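**Student:** build me a model from this:
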Amino acid sequence: LNNSNYEEGDEYFDKNLALFEEEMDTRPKVSSLLNRMANYTNLTQGAKEHEEEELGTPQMGTFMGVYLPCLQNIFGVILFLRLTWVVGTAGVLQAFAIVLICCCCTMLTAISMSAIATNGVVPAGGSYFMISRALGPEFGGAVGLCFYLGTTFAAAMYILGAIEIFLVYIVPRAAIFRSDDALKESAAMLNNMRVYGTAFLVLMVLVVFIGVRYVNKFASLFLACVIVSILAIYAGAIKSSFAPPHFPVCMLGNRTLSSRHIDVCSKTKEINNMTVPSKLWGFFCNSSQFFNATCDEYFIHNNVTSIQGIPGLASGVITENLWSNYLPKGEIIEKPSAKSSDVLGSLNHEYVLVDITTSFTLLVGIFFPSVTGIMAGSNRSGDLKDAQKSIPIGTILAILTTSFVYLSNVVLFGACIEGVVLRDKFGDAVKGNLVVGTLSWPSPWVIVIGSFFSTCGAGLQSLTGAPRLLQAIAKDNIIPFLRVFGHSKANGEPTWALLLTAAIAELGILIASLDLVAPILSMFFLMCYLFVNLACALQTLLRTPNWRPRFRYYHWALSFMGMSICLALMFISSWYYAIVAMVIAGMIYKYIEYQGAEKEWGDGIRGLSLSAARFALLRLEEGPPHTKNWRPQLLVLLKLDEDLHVKHPRLLTFASQLKAGKGLTIVGSVIVGNFLENYGEALAAEQVRIRHLMEAEKVKGFCQLVVAAKLREGISHLIQSCGLGGMKHNTVVMGWPNGWRQSEDARAWKTFIGTVRVTTAAHLALLVAKNISFFPSNVEQFSEGNIDVWWIVHDGGMLMLLPFLLKQHKVWRKCSIRIFTVAQLEDNSIQMKKDLATFLYHLRIEAEVEVVEMVRNDISAYTYERTLMMEQRSQMLRHMRLSKTERDREAQLVKDRNSMLRLTSIGSDEDEETETYQEKVHMTWTKDKYMASRGQKAKSMEGFQDLLNMDHSNVRRMHTAVKLNEVIVNKSHEAKLVLLNMPGPPRNPEGDENYMEFLEVLTEGLERVLLVRGGGSEVITIYS
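**Tutor:** Residues are numbered from 1 along each chain as shown. Model prediction:
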């Protein structure tokens, strides 16, 4: 039989999906959803905040997009200017420990960051976006500003490093302020740093202001400088093993002398066969003549010797450099193994002096900035082809590479360079050369020039990134006084943010000392890394359903270890800076939060718990939960028998298996009767029966019983009133009314449909478990099998989320998820399968995908037969329910039974079923209307032609049910559980009984079925 009338009248709906046609506008077909997602248009609710993003076709891979930017940001000024000094002061062993601790800190942070970054599509915005979305606006704002301040001070540190290289090693004559007094020389140097640093900052800000594209163009050049410089160090170290470079160091006894002003390393020198005093003599004696000269006592008693500054890899100097040599400011750098007379002597500015009091903790603070920069890859997430794959691999490889370079350099420096040269921060003992440059090959200038350009490049990168970070925070509008910094020029450059960044960087430059600025930015970066680890640990422990990172190699213990190391490093490097950084972060947090929980000092823990619970409930009340925070908050509707025992305890079992997603569970039931008379009974049932069952099934939640005159009203009250504030249920779980066909009492299925309508009206999700007695208990565990999802229409993603939550429970853990969707004649099933696989990949859900084609649209004779049986059965049951008076009237209206009964049943409740038909008619119809209708129908329906008079909408719906059932049984007859979209009840209540028949046909032949109906909002998202 071919229904051509349907083709003409309802071409907009698929015959195979006629059950769902009334809701196609709000619940689109899966093929439509996937098609839209594939084309990046009209994304669902979870993506709203990203709809305005510019969606191009990012093509950067792991190497260019993550690995190299991370290398460039991690390798910095400290490697070239301070690492040799750290090794010389702390010794090889302690320096190795410092580097290892810092590298472990960043590695653990990178693991946490990788988990967060791969938990969904991370739009451009990087680290700030990840932290703020993972920890919320308060923590996000506090950490975002810490990260911003760290990046800004990093710019100041890089500029100071560049100025130090320029003034000390490239053009020492360029110094504006000079002093002959050794004690005042350092102050003059600081003033030079301030003047030149300010000039450099202004120049760099102008470059960034004119156009950031120039900075990005030169980024690869600056990276090349870094790599060449590092290779030069390795080449020099290898060469030193057989041909060490000649850099003599002048020693007086065991004290190191500066070679900047002396001509020969001797007390005397030969000129025209005459022995005359050298310049060194003049520095230590009050006369340039041998006679009548009063010399420094230490100078008299000790010889001047020359030692090799770079003994080389094969010299065994590492044995001397293993141990630490911490000194207070102003001490002379000495070689412990050299001979020396035990005479004090006076302090002379020709000695190489310690310029800063050193300690293990100080060195940690100074070195840590050289391992920062691990966020560079995540900051470019918008440009990556596959960010979820590239960010973890690229970042971790970059950290491994840089860690290897740092650790190997610690050993090489200790093995190749004399200890006094290592401790000489500015290379005074080796004629003012950069210490690491003396080791490099072919020339020290390779390192000097390379480090200068790389440092300038890093400064430009920081001045480029920091204003954009501030702009992102300002645009989020979580800190009102920063709103002005969200504005930008016509080309998108954040002008005001750049000016503020320059002003803060100027504060760092006015400090003028690299060794004092480094611990400040260490604090801010450590604070940021601490919260990244905290975010990952909390997400892992809370087990939110949206926490499904594609990066698997993380653990909450690793995150806590990373967090602990960050906290320890903060207090190790500078406890007062750590406290200041925490106070700043805390103030920002409280400012954003503004109105927190009021203190309530009750009885200790209980008072704290009540205060926290109230605070949490009030916070939840502020608005509906974001898609990422959605979890099923269940209202389980239990049916009680006459003895107040639970009829289907397996409903509670199923609820407990779903609660791997945690959240709220309310167990509700209705006792029919009068509240005053049945209150005690209800209380007993709640306390004894239901609570004991909840404990047995390990369901953590609340129980609520309602006493109502009518069952349907009681259920409606439960659905409306359960929960408190923001802790309300969003999902109703109930059982299927078994045996409704055989029952002469229509109340069971009418109550069921009434509940479906109430949940739909309340915008709640609905789960209907059919054959609940066959569902597994908590002690049964499936060793294999499938959870089959039949995704026919998209109504929020419940069908995707539920199998994921079930698989968290031991009963379902070993089951595999299979997702089926239905393709119509006009759909491209191959493309649908590809799009669905991509969608699941972004959802981080592992499932097998299959697209089932339903192309046969002809309605079979079997469908007509089932529809006819359904309508005849409805008429027969109605006939059985009529009283004698109603039968007499029915005999007169036999040809018009359907129309008449449908019209009279509107508005009736189950308890009105026993009222007489005559009373119903008089409630709805006047006598005139009744007679006119009877006459009209009598004329139009002369004979009994059931087949021709069948409602075609019923035929179409039965066709959908039959066809879908055939396909589902064929594919899923062995599945452990079948999840299926539940069609909505008909808008016209006259078809309620037919609706039950359709659902029955749809699920025939399946052992365990869960009919799922979404609440109209998105519950799952691809975004982080």
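**Student:** make it CA atoms for all contacts and neighbour counts henceforth
**Tutor:** Will do.
**Student:** identify the residue spatially nearest to Leu108, adjacent ones excluded.
**Tutor:** Gly562 (5.2 Å; C-alpha to C-alpha, 6 or more residues apart in numbering).
**Student:** check which helix or strand covers that neighbour.
**Tutor:** Per DSSP states H and E, Gly562 falls inside helix 556-573.
**Student:** from the chain's centroid, how far away is that helix?
**Tutor:** Chain-centre distance of helix 556-573: 20 Å, with C-alpha atoms, centre = their mean, to the nearest Å.
**Student:** and whichever helix or strand comes after it, how far from the chain's centre?
**Tutor:** Using DSSP H and E, the helix or strand that directly follows helix 556-573 along the chain is helix 575-593. Mean C-alpha position of helix 575-593 versus that of the full chain (C-alpha atoms, centre = their mean) differs by 23 Å.
**Student:** which elements pack onto helix 575-593?
**Tutor:** Helices and strands touching helix 575-593, as assessed by 3 or more C-alpha pairs under 8 Å, 6 or more residues apart in numbering; DSSP states H and E, comprise helix 137-164, helix 514-542, helix 556-573.
**Student:** at 7 Å instead, please
**Tutor:** In terms of contacts (3 or more C-alpha pairs under 7 Å, 6 or more residues apart in numbering; DSSP states H and E), helix 575-593 is packed against helix 137-164, helix 514-542.
**Student:** that one: which residues count as buried?
**Tutor:** Tyr577, Ala578, Ala581, Met582, Ala585, Gly586, Ile588, Tyr589, Tyr591, Ile592 (16 or more other C-alpha atoms under 10 Å).
**Student:** circling back: what is the helix holding Gly562 packed up against?
**Tutor:** In this structure, helix 556-573 makes packing contacts with helix 83-117, helix 360-367, helix 514-542, judged by 3+ C-alpha pairs under 7 Å, 6+ apart.
**Student:** run through who's touching the shortest one.
**Tutor:** What it means is helix 360-367. Helix 360-367 has contacts (C-alpha atoms under 7 Å, 6 or more residues apart in numbering) with Ile78, Val86, Ala90, Ile98, Asp515, Ala518, Pro519, Ser522, Ile572, Ser573.
**Student:** Ile333 and Thr256 touch, don't they?
**Tutor:** Yes - between Ile333 and Thr256 a contact is recorded at 5.9 Å, counting by C-alpha atoms under 7 Å.
**Student:** could you dump the helices and strands packed on helix 556-573 to TSV with mean neighbour count, mean pLDDT and distance to Val212?
**Tutor:** Listed next are the helices and strands packed on helix 556-573 as TSV, based on neighbours: other C-alpha atoms under 10 Å; pLDDT from 0 to 100; distance: least, C-alpha to C-alpha, whole Å:
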stretch	mean neighbour count	mean pLDDT	distance to Val212
helix 83-117	25	93	26
helix 360-367	22	91	29
helix 514-542	24	87	24
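**Student:** for these, could you give me TSV that also reports distance to Asp25?
**Tutor:** Shown next, in TSV, are the helices and strands packed on helix 556-573 (distance: least, C-alpha to C-alpha, whole Å):
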stretch	distance to Asp25
helix 83-117	34
helix 360-367	60
helix 514-542	36
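**Student:** show me the one of the ones you listed that comes nearest Arg619.
**Tutor:** helix 514-542 (18.0 Å; C-alpha to C-alpha).
**Student:** low-confidence stretches in the stretch 301-450 of the chain?
**Tutor:** 380-382 (pLDDT under 70).
**Student:** among the helices and strands packed on helix 575-593, which comes closest to Arg194?
**Tutor:** helix 137-164 (8.5 Å).
**Student:** I'd like to check the angle between that closest one and helix 514-542, please.
**Tutor:** Comparing the axes of helix 137-164 and helix 514-542 via axes from the mean of the first three to the mean of the last three C-alpha atoms, to 10 degrees yields an angle of 150 degrees.
**Student:** let me know the next secondary structure element after helix 137-164.
**Tutor:** Of the helices and strands lying after helix 137-164 in sequence (DSSP H and E), the nearest is helix 182-210.
**Student:** how about that next one: buried residues?
**Tutor:** For helix 182-210, a neighbour-count test (16+ other C-alpha under 10 Å) marks 188-198, 200-201, 204-205, 207-209 as buried.
**Student:** quick one: list the elements packing against that helix.
**Tutor:** Contacts defined by 3+ C-alpha pairs under 7 Å, 6+ apart place helix 182-210 against helix 137-164, helix 495-511.
**Student:** restricting to C-alpha, output stretch 486-500 in CSV.
**Tutor:** What follows is stretch 486-500 as a C-alpha-only set of coordinates in CSV (Å, rounded to 0.1, in the frame of the first residue of the first chain):
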residue,chain,number,x,y,z
GLY,A,486,39.4,45.9,26.8
HIS,A,487,39.3,48.6,24.1
SER,A,488,41.6,48.4,21.1
LYS,A,489,42.6,50.3,18.0
ALA,A,490,40.8,49.7,14.7
ASN,A,491,43.3,47.0,13.8
GLY,A,492,42.7,45.2,17.1
GLU,A,493,45.9,46.3,18.9
PRO,A,494,45.1,46.8,22.7
THR,A,495,46.6,50.3,23.0
TRP,A,496,45.5,51.1,26.6
ALA,A,497,46.6,47.7,27.8
LEU,A,498,50.0,48.2,26.1
LEU,A,499,50.5,51.5,27.9
LEU,A,500,49.7,49.9,31.3
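**Student:** got the contact list for it?
**Tutor:** So stretch 486-500 is contacted by Pro467, Arg468, Leu470, Gln471, Ala474, Lys475, Phe485 (C-alpha under 7 Å, 6+ apart).
**Student:** would TSV of those residues with secondary structure and pLDDT be doable?
**Tutor:** Shown next, in TSV, are these (DSSP: H, G, I helix; E, B strand; the rest coil; pLDDT from 0 to 100):
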residue	secondary structure	pLDDT
Pro467	helix	87
Arg468	helix	83
Leu470	helix	87
Gln471	helix	85
Ala474	helix	84
Lys475	helix	81
Phe485	helix	85
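**Student:** could the residues you listed go into a markdown table alongside neighbour count and distance to Leu693?
**Tutor:** A markdown table is the format used below for those (neighbours: other C-alpha atoms under 10 Å; distance: C-alpha to C-alpha, whole Å):
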| residue | neighbour count | distance to Leu693 |
| --- | --- | --- |
| Pro467 | 26 | 59 |
| Arg468 | 22 | 56 |
| Leu470 | 27 | 54 |
| Gln471 | 25 | 55 |
| Ala474 | 21 | 52 |
| Lys475 | 17 | 51 |
| Phe485 | 22 | 58 |
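**Student:** from those, which is closest to Leu33?
**Tutor:** Leu33 has its nearest neighbour among the contacts of stretch 486-500 in Lys475, at 30.4 Å by C-alpha to C-alpha.
**Student:** which one of the helices and strands packed on helix 182-210 lies closest to Ala568?
**Tutor:** Among these, the nearest to Ala568 by C-alpha to C-alpha is helix 137-164 (17.6 Å).
**Student:** format the helices and strands packed on helix 575-593 as CSV; extra columns: distance to Ser346.
**Tutor:** As requested, the helices and strands packed on helix 575-593 are exported to CSV (distance: least, C-alpha to C-alpha, whole Å):
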stretch, distance to Ser346
helix 137-164, 30
helix 514-542, 28
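**Student:** quick one: closest of those to Pro444.
**Tutor:** Closest among the helices and strands packed on helix 575-593, using C-alpha to C-alpha: helix 137-164, at 15.8 Å.
**Student:** among the contacts of stretch 486-500, which two are most distant?
**Tutor:** Within those, Pro467 and Lys475 form the most distant pair, 12.0 Å apart (C-alpha to C-alpha).
**Student:** the residue most central in space within the chain and Arg550, how far apart?
**Tutor:** The chain has Ile116 as the residue nearest its centroid, 3.5 Å off, counting by C-alpha atoms, centre = their mean. Remark: distance between Ile116 and Arg550 (C-alpha to C-alpha, to the nearest Å) = 9 Å.
**Student:** again, but for Gly726
**Tutor:** Where Arg550 is concerned, Gly726 sits at a distance of 31 Å (C-alpha to C-alpha).
**Student:** please consider this matter closed, and thank you.
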